[in-house]
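Undergrad: Predicted model and sequence follow; I will ask about them next.
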Amino acid sequence: MRKLLVFIAVALGLAGGLPATSSAGGWVVVSLDSLPAVHADEDTAVGFTVLRHGVTPEQSDDLVIVARGPGGEHRFEATQQGAAGHYVATVRLPDAGAYRWELTGEFVAADLGTFEVTGAPGGGSPWTWDVVQWGSATLAVVMAALALLDVRRSRRQRATAPAGA
């Protein structure tokens, strides 16, 4: 009977311990090359390094950056580039706003936090820039026309003024 109890205890110990050992590990450290400035509707290269257990460069061909935000969910495949474990993904998001992003793959899952997508470079939309350009050109033409009218009026006044005045 004692052998049976020892056998059951060992079996329960193994059964309880196996799931813990099978789920051990599997963590990665993802380091961005730099924090990219992402503008709406513009391609941005995002470079990063993936180290399994913080040490070994990850070799994977299924890494995808998933971004969720105002424009919905977007997926961008990453390709290995340069040193082992270094990848680059070209990101293009349609709308400005806050996005949450993560890196996924068969053996990789890493939350990359939140980042902000801004409008067009320079702080304004292309439409705003067109208004500034055309508005400035129109203002310059109007000012030139006023200067020409002023010159013509001055000449008329000199021509009609009495000689001694």
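TA: Done, it's in.

Undergrad: can you give me the helices for this protein?
TA: With DSSP state H as the criterion, the chain has helices at 2-22, 126-160.

Undergrad: Looking at strand pairing, list the partners for the residue nearest to the spatial centre of the chain.
TA: Residue closest to the mean C-alpha point of the chain, counted by C-alpha atoms, centre = their mean, is V38 at 3.7 Å. V38 has these beta-bridge partners by DSSP bridges: V117.

Undergrad: per-domain residue ranges of this protein.
TA: With domains defined by automatic domain parsing, the chain comprises 25-118, 125-157.

Undergrad: tell me the mean pLDDT for the last one?
TA: What it means is domain 125-157. Averaging pLDDT along domain 125-157 gives 80.

Undergrad: So, low pLDDT: which residues of this structure?
TA: By pLDDT under 70, the weakly predicted segments of the chain are 1, 3-26, 120-129, 163-165.

Undergrad: how much space between the residue nearest to the centre of the chain and T138?
TA: 34 Å (C-beta to C-beta, to the nearest Å). All C-beta atoms are positioned from the backbone trio N, CA, C, and that covers glycine.

Undergrad: Check F76 too.
TA: Taking C-beta to C-beta, one finds F76 at 42 Å from T138.

Undergrad: higher neighbour count, those two?
TA: The neighbour comparison of F76 against T138 (other C-beta atoms under 10 Å) goes to F76, with 17 against 10.
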